[in-house]
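Undergrad: Got a sequence here, can you build the structure:
(chains A, B, C and D)
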Protein chains: 2
Amino acid sequence: MNIVEISKVLSNKTRVDILRWLKNPEDNFPPHQDIDHFNDGVCVGFIQDKSGLSQSTISTYLNSMQNANLVIPTRHGKWTYYKRNEKVIKAYTKTLKEEL
Amino acid sequence: MNIVEISKVLSNKTRVDILRWLKNPEDNFPPHQDIDHFNDGVCVGFIQDKSGLSQSTISTYLNSMQNANLVIPTRHGKWTYYKRNEKVIKAYTKTLKEEL
DNA sequence: AAAACATATCTAATATTCTAGATATATAAA
DNA sequence: TTTATATATCTAGAATATTAGATATGTTTT
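TA: Next comes the predicted model:
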């Protein structure tokens, strides 16, 4: 858990938005077609649509968020679903509260 | 209190270090000459020495931290002292814990 | 008033980030 | 096995961040 690396992720509004959207997928995204739940998170396409940015940009963002261990990807067929890594997110906010 | 702006400040190791040093000035800096306390924080020169970066760089950093309301400057004679803005720092960590 | 000192601002070179289009890869469908 | 679809990666131009030297400003000292 790296404060500077995670802070870099959070220094962009869209990436903060994505983390927030993923907190309540039911409220922020339409239901998936192939699976009837958000257990593994939300597919890239939905996140892209909601953000309004390009596919490659969102893929890059999600990759950086994954490198910082803020999200966890799961492949289902041709889709990749991303969900929050609550453990790391909690560790980060805890560390900030204690050490900042 | 702007999450993205504050996260930008925290996305640099030196700036995070500065905030931490300012938490315990007595432990991290030599005593000031003209005033015998750290009530208004630490002068720029000490922070510069400790960081190892140039005067202009540290001044720029402190300015960005001030713009994000993370630190409060006070002028004493020819020195500028910077101290943490605990109110904003706390608001930030609280918001992150609740909303992230 | 001049010199010295601390800090801020200006300027510029280099590095990094942002962002999208093009292309590659992986999977599913026809 | 060709075609379509979803996502990842590559490439590159524009924007922003990093950083320091030079210079300006404000303050104190002589």
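
Undergrad: pLDDT value on residue A:36, please?
TA: With respect to pLDDT, residue A:36 scores 89.

Undergrad: which element is it on?
TA: Assessed by DSSP states H and E, residue A:36 sits outside every helix and strand.

Undergrad: Quick check: closest non-adjacent residue to residue A:8.
TA: residue B:11 (4.2 Å; Cβ to Cβ, 6 or more residues apart in numbering or on different chains). Backbone N, C-alpha and C define where each C-beta goes, glycine included.

Undergrad: pretty sure that neighbour contacts residue A:4?
TA: Yes. Shown here, residue B:11 and residue A:4 form a contact pair, counting by Cβ atoms under 8 Å, at 5.9 Å.

Undergrad: And those two? Which one has more around it.
TA: Set side by side, residue B:11 and residue A:4 show more neighbours around residue B:11, with 19 against 14, by other Cβ atoms under 10 Å in any protein chain shown.

Undergrad: For that one, give me its contacts.
TA: A:4, A:7-8, A:10-11 (Cβ atoms under 8 Å, 6 or more residues apart in numbering or on different chains).

Undergrad: let's see 6 Å
TA: A:4, A:7-8, A:11 (Cβ atoms under 6 Å, 6 or more residues apart in numbering or on different chains).

Undergrad: Which of those fall in helices?
TA: Those of those mapping onto helices are A:4, A:7-8, per DSSP state H.

Undergrad: Could you dump those into a markdown table with pLDDT added?
TA: Listed next are those as a markdown table, based on pLDDT from 0 to 100:
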| residue | pLDDT |
| --- | --- |
| A:4 | 97 |
| A:7 | 98 |
| A:8 | 98 |
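
Undergrad: Just the closest of the residues you listed to DNA strand C, please.
TA: Nearest to DNA strand C out of these is residue A:8 (Cβ to the nearest atom of the strand; 5.4 Å).

Undergrad: Look at stretch A:25-34 and report the distance between its end residues.
TA: Start and end residues of stretch A:25-34 are separated by 16 Å (Cα to Cα, to the nearest Å).

Undergrad: can you list contacts of it?
TA: A:21, A:38, A:42, A:46.

Undergrad: Let's see if you can find the most crowded of those.
TA: Counting by other Cβ under 10 Å, top hit in these: residue A:42 with 23 neighbours.

Undergrad: Contacts only, for the residue lying closest to residue A:5 once chain neighbours are set aside.
TA: Closest residue to residue A:5 apart from its sequence neighbours, by Cβ to Cβ, 6+ apart: residue A:68 at 4.9 Å. Applying Cβ under 6 Å, 6+ apart to residue A:68 gives the contacts A:5-6, A:9.

Undergrad: tell me which of these is nearest to residue A:95?
TA: residue A:6 (9.3 Å; Cβ to Cβ).
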